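Participant: sequence and predicted structure below; questions after.
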Amino acid sequence: MLLKFRLEMDVIIDQDSETAVIELARQQYRREGEVTAPGRHGRPNRVKAEKFIDGIDQALLELLERHPLLPEAGIEIERSSCRPLASLPEIARTGVGLSDASAQPDLSAEGAAETDQEEELDDFESGLYLCRWPNGEFSVVKADSRREAIIELDEWAGAEPAWLVPMDECMIDFRLNDQAEIDLVEFGEETTDVIWEHCYPALRALLSSDDAVGSGVGEPKAGAGETIKAAVEHERKRLWTASHDGAPASRDFSRSDQGQPE
């Protein structure tokens, strides 16, 4: 039976040593053999060390993954990532005078809140996220944290952490049509509830109210079409003017204007 673990490390490097660390990683990369990538006409080309490792983050990952003790112990790295954190003051890196109040980190309520929010981006939640875009669309993405979900969703557009909701359950049915296209058939019951609750709460409230439903079970009320249409338009624009912190939401977003009137 295989065991799986997640390791988290904070690595501190003197800025003066950054160049040396990058060069060391490049040397290690050359010794282990350069990777190849498809070139013109399908011919493989070797990726030079300077291109494969062009920054300190790639250098750290290279040094970690090439550590000789890992394969010797039978340890395989399945996935790794690296991101910069806030720079430490010089006095903290040297360990001298840490009692000096001027060298202490920002412990104000605002500074602590920003730190907590930054750390929460890397917390493991469910491994699956629902993203409600400002134009009314939604996406489902598999990721181990909100930060990784945002990185994955960047393929389509820039997402905000507040647009993401972890999903504990997800069931979606698809079919292949006669035109060789994949059609959505339906969502599972619990998945449908999550989508309506977090993506379209105002529309859901209307559709279950007397303003839209007639005397029959699930029967639309006569003349409710315009009311429902207005509610749909409201859901499409709801996040344009209000973000999670109360500030106006940015319209500089590639998905927010798709199919929307000016």
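Facilitator: Perfect, thanks for sending it.
Participant: list the contacts of the closest residue to residue 186 other than its chain neighbours.
Facilitator: Spatially, and ignoring its direct neighbours in sequence, residue 186 is nearest to residue 173 (5.2 Å; C-beta to C-beta, 6 or more residues apart in numbering). The way it works is simple: take the backbone N, C-alpha and C, and place the C-beta from them, glycine included. By C-beta atoms under 8 Å, 6 or more residues apart in numbering, the residues touching residue 173 are 184-188.
Participant: check the contact between residue 25 and residue 65; I expect there is one.
Facilitator: No. Applying C-beta atoms under 8 Å, one finds residue 25 not in contact with residue 65, separated by 9.9 Å.
Participant: more neighbours: those two, which one.
Facilitator: Between residue 25 and residue 65, residue 25 has the larger neighbour count (other C-beta atoms under 10 Å), namely 23 against 14.
Participant: and the more buried one, backbone torsions?
Facilitator: phi -70, psi -40 (degrees, to the nearest 10).
Participant: what's the distance between it and residue 45?
Facilitator: Computed as C-beta to C-beta, to the nearest Å, the residue 25 to residue 45 distance reads 21 Å.
Participant: please apply the same query to residue 5.
Facilitator: 36 Å.
Participant: so between those two, which is more surrounded?
Facilitator: More crowded of residue 5 and residue 45, by other C-beta under 10 Å: residue 45, with 12 against 6.
Participant: any regions of the stretch 1-150 of the chain where pLDDT drops low?
Facilitator: For the stretch 1-150 of the chain, applying pLDDT under 70 flags the ranges 37-44, 83, 85-119.
Participant: let's go with 50 and repeat that
Facilitator: By pLDDT under 50, the weakly predicted segments of the stretch 1-150 of the chain are 91-105, 107.
Participant: can you give me the helices for it?
Facilitator: 18-32, 49-52, 56-65, 69-72, 90-94, 109-120, 146-153 (DSSP state H, counting those that start in this stretch).
Participant: quick one, strands of this protein?
Facilitator: According to DSSP state E, the chain carries its strands in the segments 36-38, 44-46, 128-132, 138-142, 164-166, 172-176, 182-187.
Participant: out of the ones you listed, which one sits most buried?
Facilitator: strand 128-132 (a mean of 22; mean count of other C-beta atoms under 10 Å).
Participant: and the angle for it with strand 138-142?
Facilitator: Counting by axes from the mean of the first three to the mean of the last three C-alpha atoms, to 10 degrees, strand 128-132 lies at 160 degrees to strand 138-142.
Participant: which strands and helices sit next to strand 128-132?
Facilitator: Contacts defined by 3 or more C-beta pairs under 8 Å, 6 or more residues apart in numbering; DSSP states H and E place strand 128-132 against strand 138-142, helix 146-153, strand 164-166, helix 189-199.
Participant: residue 78: which of those is closest?
Facilitator: Of all those, it is helix 146-153 that lies closest to residue 78, at 13.8 Å by C-beta to C-beta.
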